[in-house]
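Enquirer: When you get a sec, could you give me coordinates for this:
(4 chains, ligands or ions: 2)
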There are 2 protein chains.
Amino acid sequence: MKSSSRLSAVLHALMHMAAHRGPMTSEVLAQCMSTHPVVVRRTMSGLREAGLVTSTKGHNGGWSIACDMEKTTIRDIHEALGEPAVYAIANSNDAPQCLLEQAVNAALDDAMKEAEALLLARFQSLTLAQIAGDFTERLRQRHRHKDH
Amino acid sequence: MKSSSRLSAVLHALMHMAAHRGPMTSEVLAQCMSTHPVVVRRTMSGLREAGLVTSTKGHNGGWSIACDMEKTTIRDIHEALGEPAVYAIANSNDAPQCLLEQAVNAALDDAMKEAEALLLARFQSLTLAQIAGDFTERLRQRHRHKDH
DNA sequence: TTTCATGTAACTTTATCTATTACATGAAAT
DNA sequence: ATTTCATGTAATAGATAAAGTTACATGAAA
Ligand code: FES
Ligand code: FES
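Expert: Residues are numbered from 1 along each chain as shown, chains lettered A, B, ... in the order given. Ligands and ions are numbered 1, 2, ... in the order given. Alright, predicted model coming up:
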């Protein structure tokens, strides 16, 4: 299976952008995420269309957050990315004639839809602000360790 | 994403085998599943090692079910296949230094592990016999329709 | 001993995600 | 105005993983 890491990458970028005053260039974001600037633009374009970020050209240009961190959820990001497939498991035939295969698919689909619903619900209950909060918590923990 | 359809394919094959007297050859199974006999052998080998099926060579050889349909669950099959990755979503970096990325990964991992646990629990509660039962139910439904 | 069927390794094909190149567009600095 | 910076996007190449195919070995039944 070849899995996508867009969601993870975009969230990381957003955290960066939130912690940064002023726009960040694709170049800088790409370096942090060890990827290519064009990949950043490409991935980010969905968020721009959804109005979650803005991009400006020219000097002092780059990417900025344009959404409320308290209200924007991971699910919003996931949707802005085009709701890529969640599962690496699929039916071998989506519209089988064979009743045996239909029974198999129904059983799998049932379980997978339920799990996907749970995942999306969890995504929906997680805001960008919460992740940012977790970050500052981790920062505190690290400093506490250093002090001892 | 390129998703795997092994689980679906294997379950279909098992249903076939359950509904069939005597061993079925990889060739026949492959035709039903519109794939290649070698793919069948390769995929099935995990189930054989787990003792869920047996294979015999030579004349009248082929694959037979060797497990209790009432007790064997989809999760057993999934494990016999080597527990392939469930998700098409992954972290872009599994052991990041960056605390921001750690916070992002923790949030995603959390949600995904919970959903995966639910999925595996559902898999565990679904036996081969239940799927076979669903099949006969579908068969009845179809015949009922024909009668009207 | 011939035929059938699995067992497995090696290789090819196909699909998809990521990376890169190339060039166009537009905004700020000079 | 012109240069510089940065995005926007299409087109192409590379990397990875699943599925398909070929080839040959093993072993059992006819
Ligand atoms: S790499 Fe994540 S904070 Fe810079
Ligand atoms: S294709 Fe033969 S029963 Fe499924």
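Enquirer: and the residue lying closest to A:S3 once chain neighbours are set aside, what does it touch?
Expert: The shortest distance from A:S3 to any non-neighbouring residue, by CB to CB, 6 or more residues apart in numbering or on different chains, is to B:A90 (4.0 Å). Heads up, the C-betas are built off the backbone N, CA and C, glycines and all. Going by CB atoms under 8 Å, 6 or more residues apart in numbering or on different chains, B:A90 touches A:S3, A:S4, A:S5, A:S8.
Enquirer: do A:S125 as well
Expert: When contacts are counted by CB under 8 Å, 6+ apart, A:S125 touches A:T73.
Enquirer: likewise A:V38?
Expert: Listed by CB under 8 Å, 6+ apart, the contact partners of A:V38 are A:S26.
Enquirer: again, but for A:N105
Expert: A:N91, A:N93, A:D94, A:P96, B:S8.
Enquirer: Dump these into CSV; add neighbour count and secondary structure as well.
Expert: CSV is the format used below for the contacts of A:N105 (neighbours: other CB atoms under 10 Å in any protein chain shown; DSSP: H, G, I helix; E, B strand; the rest coil):
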residue, neighbour count, secondary structure
A:N91, 22, coil
A:N93, 18, coil
A:D94, 10, coil
A:P96, 17, coil
B:S8, 24, helix
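Enquirer: so A:S45 sits in a helix?
Expert: Yes. Counting by DSSP: H, G, I helix; E, B strand; the rest coil, A:S45 falls inside a helix.
Enquirer: Report how many residues lie close to it.
Expert: Per other CB atoms under 10 Å in any protein chain shown, the neighbour tally for A:S45 reads 14.
Enquirer: what about A:T54, neighbour count?
Expert: Counted by other CB under 10 Å, the residues lying close to A:T54 total 14.
Enquirer: quick one: the one helix or strand it maps to to chain centroid distance?
Expert: Following DSSP states H and E, one finds A:T54 within strand A:53-56. Taking CA atoms, centre = their mean, to the nearest Å, the mean C-alpha location of strand A:53-56 is offset from the chain mean by 17 Å.
Enquirer: same check, this time on stretch A:76-94
Expert: Relative to the chain's own centre, stretch A:76-94 is displaced by 13 Å; criterion: CA atoms, centre = their mean.
Enquirer: And the following helix or strand past the strand holding A:T54, what does it pack against?
Expert: Counting by DSSP H and E, the next helix or strand C-terminal to strand A:53-56 is strand A:62-65. Strand A:62-65 is packed against helix A:6-18, helix A:26-32, strand A:53-56, with contacts defined by 3 or more CB pairs under 8 Å, 6 or more residues apart in numbering or on different chains; DSSP states H and E.
Enquirer: anything in the very next helix or strand once past strand A:62-65 near chain B?
Expert: Per DSSP H and E, the first helix or strand lying C-terminal to strand A:62-65 is helix A:74-80. Yes. Shown here: helix A:74-80 in contact with chain B (CB under 8 Å from any CB of the partner chain) through A:I74.
Enquirer: which residues are contacting helix A:74-80?
Expert: Applying CB under 8 Å, 6+ apart, the external contacts of helix A:74-80 come out as A:7, A:10-11, A:14, A:46-47, A:49-50, A:52, A:67, A:84, A:120, A:123-124, A:126-128, A:131, B:107-108, B:111.
Enquirer: With DNA strand D in mind, check whether stretch A:105-116 reaches it.
Expert: No. When contact is scored as CB under 7 Å from any atom of the strand, no part of stretch A:105-116 falls within range of DNA strand D; the minimum is 13.7 Å.
Enquirer: how much distance is there from that stretch to the middle of the chain?
Expert: 23 Å.
Enquirer: buried sites along that stretch?
Expert: A:N105, A:A107, A:L108, A:A111, A:M112, A:A115, A:E116 (16 or more other CB atoms under 10 Å in any protein chain shown).
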